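Engineer: Could you look at this predicted model? Sequence included:
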Amino acid sequence: MSVAQWRVARVTPLGEFAQPARITGTAVRLAAQVFLVVCLWRSLYSQVETSAGLVRDQAVTYAVLAVLALQIRGLDRSASRDTMLQHIQEGTVLYWFVRPIPPRRYYLVRAVGDQLYGFAWVLVGYTICLTAGAVEPPASGSAAAAFAVSALLAQVIMYQLLLAVDLLCFWTLQNNAALTILRFLQNLLSGVIAPLWFFPDWFLTISSVLPFRYTLDVPLSLYIGRSPLSDTPRLLAIQLLWCVLLAGLTRLMWRKAAGVVTVQGG
Amino acid sequence: MDAIIARDLTKTFHTIARRPGFVGGLKSLVAPARIAKTAVDGVSFSVREGELLALLGPNGAGKSTTIKMLTGILVPTSGEVRVAGLEPHRDRERNARTIGAVFGQRTQLWWDLPARDSLAILRDIFDVEAEEYRRRLAEFDDLLGLSEFWDSRIRHLSLGQRVRCDLAAALIHDPKIVFLDEPTIGMDVVVKEQVREFLRHQVEQRGRTVVLTTHDMTEVNRLAERIVLINHGRLFFDGSLTELRRQFGATWQVHVTLADAPADVAVPGLRVLRRDGPRVAFGPGDGATSTHEALRLIIERYAITDLAIEENDLEDVMREAYLHREQMTA
């Protein structure tokens, strides 16, 4: 793949910059969410010092970072008529097969662009929150390094999960229900709704055998120091395993999808 | 030399038939009934380099499916297809650099981006040199008037403007072969004419091979050198417009007003279709030839004061051809 072809990654950011209202909307929503999350968790900790093994600042940091992380978990491109579902239903997916980039690489490059754009939001949000004292810095230098690697693997797992659900459209011509279920499971089992440490043990056990926990809870727990650093190799190994398994699955799905591609309506 | 070769091309789709009602729905869930539908059935034809071929047929005839197999989007169930020597569905990346495609009702441009940004992204996808890109864009602008609207986002363009951008997008990498699936559908006459001129230029000046599907007979009349007709997935005509007229549309009427009005009017080789006093309508009879020949025969026999020739237009010819095929199938 040529360097020029990687420039396809700029499609989503260009689309966003072309509509300042969208950027303003995202900024306002993100600021409101972070503010409310900080208020909520500080008030929950007003009567206790430690809960579920987390002190107040750890819990607040976890929750705020979870809100920021939502920005890099796959942007909703439906307003731009640019989701896999829309391309398949409207038949525009056929153009993916008449370009010198294979569809799976095109999808990957677009996702990289989306996530880098989302990462820019996270970076700005993180810097502001750190300066304002809404989040604490990493528990240690080692925790920061473990977090960085784990966050990267988490992003790969997240990408593969979303891709698998998108690829379902080639067979079902629909993925709304699958996406809704995925988003619900993702939010519940990854720690978006609340840090997983607050849930009962059986819930943690279930979440440990599913990939969702490894998309958010694991890197955040390493960041705040809730997971001991000695656990890092094991957690990273599990994340790596999920990356490989899901990559194998999605590769197989792409291969089959290319054979079953149908285009709606003539 | 042939740019495109299709031999016994067949595509069968398998769908699941849903039974009516709640119980039927449950049955379909437990024991789905698969239905095979053959959209293209043993189609064979070839297209020479630099030729403009119109692939025609009624709705649901199999034209678009054929084009999708020729472009490598769909994998044929059986048969062989070669485009510029490549098997499109097996060699999609190399094939993509050789062909360009426009599917009229569908855009390949990005909805939220200005048209010029979309074209620049396609330049990157196809690795087009910057200088080449500028030169081609200027040429397309001259022919299609793109600069009037290329800074607008695709979502704000009219259909005609959008399809003109799509044509430029399909040709930005200078492909030798272009597939156009109903490119002018829904356009006004002015834009249609502009697009036709553009296509004519691409064939005559640039030597591109073009495969065009359309329901617009004016377009066929003005552009097509050769016509392939498909119906019910089968090819039933492959030849020039003249041959098509000869085979399915050799009907005409010569309306004359006779200077005198004899009791009986008869011309050997012609048939009297109608008569209203001195006004007579002749049509081809046994051994009838062209309208010129008919005219000669009438003038030899009668003095006339007025004359009009009415030939079947292409739509009539096509209707005749489709109906003929329907009857053959029945």
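Structural biologist: Cool, the structure landed. Numbering: from 1, shown residues only, chains lettered A, B, ... in the order given.

Engineer: Strands of the stretch 151-300 of chain B, residue ranges please.
Structural biologist: For the stretch 151-300 of chain B, strands defined by DSSP state E, counting those that start in this stretch occupy the ranges B:177-181, B:209-213, B:226-231, B:234-239, B:252-258, B:270-276, B:279-284.

Engineer: Please apply the same query to chain A.
Structural biologist: A:50-51, A:54-55 (DSSP state E).

Engineer: can you redo these as CSV with mean neighbour count?
Structural biologist: (Each C-beta comes from the backbone N, C-alpha and C, glycine too.) Formatted as CSV, those follow (neighbours: other C-beta atoms under 10 Å in any protein chain shown):
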stretch, mean neighbour count
strand A:50-51, 14
strand A:54-55, 20
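
Engineer: from what I can see A:V109 touches A:R10, true?
Structural biologist: No: the criterion here is C-beta atoms under 8 Å, and A:V109 misses it with A:R10 at 9.7 Å.

Engineer: Can you tell me the number of residues neighbouring residue 209?
Structural biologist: By default, I'm working from chain A. 8 (other C-beta atoms under 10 Å in any protein chain shown).

Engineer: I was thinking of chain B, sorry if that wasn't clear
Structural biologist: For B:T209, using other C-beta under 10 Å, the count is 24.

Engineer: what comes up buried for stretch B:219-238?
Structural biologist: B:219-220, B:223-224, B:226-238 (16 or more other C-beta atoms under 10 Å in any protein chain shown).

Engineer: hmm, I was thinking of stretch A:94-112
Structural biologist: Buried-residue list, stretch A:94-112, by 16+ other C-beta under 10 Å: A:94-111.

Engineer: Stretch A:13-23 too?
Structural biologist: Using 16+ other C-beta under 10 Å as the test for burial, stretch A:13-23 gives A:P13, A:L14, A:G15, A:E16.

Engineer: Quick check: the second one vs A:R73, distance?
Structural biologist: Per C-beta to C-beta, to the nearest Å, A:L14 is found 21 Å from A:R73.

Engineer: same thing with the third one?
Structural biologist: Distance of A:G15 to A:R73, given as C-beta to C-beta: 18 Å.

Engineer: Nearest the geometric middle of the chain, what residue?
Structural biologist: Picked chain A for this. Most central in chain A under C-alpha atoms, centre = their mean is A:R73, positioned 2.6 Å from the mean C-alpha point.

Engineer: that answer is for a different chain, and I need it for chain B
Structural biologist: Closest-to-mean residue, chain B, C-alpha atoms, centre = their mean: B:T213 / 2.9 Å.

Engineer: Beta-bridge partners for it, please?
Structural biologist: B:D181 (DSSP bridges).

Engineer: I'd guessed it sits against B:I67; true?
Structural biologist: Yes: with contact defined as C-beta under 8 Å, B:T213 counts as touching B:I67 (6.3 Å).

Engineer: what do the two both touch?
Structural biologist: With contacts defined as C-beta atoms under 8 Å, 6 or more residues apart in numbering or on different chains, the residues shared by B:T213 and B:I67 are B:L55, B:D181.

Engineer: Can you name the residues of chain B sitting close to chain A?
Structural biologist: B:13, B:59-60, B:64, B:68, B:71-75, B:92-97, B:99, B:101, B:103, B:105-108, B:110-114, B:117, B:121, B:123-127, B:153, B:155 (C-beta under 8 Å from any C-beta of the partner chain).

Engineer: Just the buried subset of those residues, please.
Structural biologist: B:64, B:68, B:71-75, B:92, B:95-97, B:99, B:101, B:103, B:105-108, B:110-114, B:117, B:121, B:123-126, B:153.

Engineer: How about the stretch 151-300 of chain B: which residue is closest to chain A?
Structural biologist: B:R153 (6.3 Å; C-beta to the nearest C-beta).

Engineer: What residue, apart from its backbone neighbours, is nearest that residue spatially?
Structural biologist: B:P114 (5.5 Å; C-beta to C-beta, 6 or more residues apart in numbering or on different chains).

Engineer: so what's the backbone phi/psi at that neighbour?
Structural biologist: Main-chain dihedrals, B:P114, degrees, to the nearest 10: phi -60, psi 150.

Engineer: Specify the residue ranges that define each domain of chain B.
Structural biologist: Following automatic domain parsing, one gets these domains for chain B: B:2-238, B:252-311.

Engineer: any idea of the mean pLDDT for the last one?
Structural biologist: In this model, domain B:252-311 has an average pLDDT of 86.

Engineer: In contact with B:F237, which residues are there?
Structural biologist: B:I227, B:V228, B:L229, B:L244, B:Q247, B:F248, B:A321.

Engineer: make it 7 Å
Structural biologist: B:F237 is in contact with B:I227, B:V228, B:L229, B:L244, B:Q247, B:A321, counting by C-beta atoms under 7 Å, 6 or more residues apart in numbering or on different chains.

Engineer: Quick check: residues of the stretch 101-250 of chain A near chain B?
Structural biologist: Within reach of chain B by C-beta under 7 Å from any C-beta of the partner chain, the stretch 101-250 of chain A has these residues: A:I101, A:P102.

Engineer: all helices for chain A, in order.
Structural biologist: Ranges of helices in chain A, per DSSP state H, are A:3-6, A:11-17, A:20-44, A:56-69, A:84-90, A:103-132, A:141-167, A:169-172, A:176-190, A:201-209, A:217-224, A:232-260.

Engineer: From start to finish, how long is stretch B:6-26 in a straight line?
Structural biologist: 42 Å (C-alpha to C-alpha, to the nearest Å).

Engineer: same question, stretch B:281-299
Structural biologist: Where stretch B:281-299 begins and where it ends lie 14 Å apart, using C-alpha to C-alpha.

Engineer: which of the residues in that stretch are buried?
Structural biologist: B:A281, B:F282, B:G283, B:P284, B:A288, B:T291, B:A294, B:L295, B:L297, B:I298.

Engineer: what's the farthest-apart pair in these?
Structural biologist: B:A281 and B:L297 (14.6 Å; C-beta to C-beta).

Engineer: Nearest residue to A:W254 in space, please, no chain neighbours.
Structural biologist: Using C-beta to C-beta, 6+ apart, the closest residue to A:W254 is A:R104 (4.4 Å).

Engineer: And B:D8, by the same measure?
Structural biologist: B:G79 (4.0 Å).

Engineer: you'd agree the one you found is up against B:K11?
Structural biologist: No: contact criterion C-beta atoms under 7 Å: B:G79 and B:K11 do not qualify, at 8.5 Å.

Engineer: With neighbour numbers in mind, choose between these two.
Structural biologist: Higher neighbour count among B:G79 and B:K11: B:K11, with 22 against 17, using other C-beta under 10 Å.

Engineer: residues touching the more buried one, list them.
Structural biologist: B:A39, B:V40, B:T65, B:M69, B:L74, B:P76, B:T77.

Engineer: Who wins on neighbours among the residues you listed?
Structural biologist: Going by other C-beta under 10 Å, B:V40 tops the contacts of B:K11 with 28 neighbours.

Engineer: Tell me what that residue is bridged to.
Structural biologist: As assigned using DSSP bridges, the partners bridged with B:V40 are B:K11.

Engineer: where's the residue nearest to B:D260 when sequence neighbours are not counted relative to chain A, distance?
Structural biologist: Take B:D260 and drop its neighbours on the chain: the residue closest to it by C-beta to C-beta, 6+ apart is B:A303, 6.7 Å away. Relative to chain A, B:A303 is positioned 55 Å away (criterion: C-beta to the nearest C-beta, to the nearest Å).
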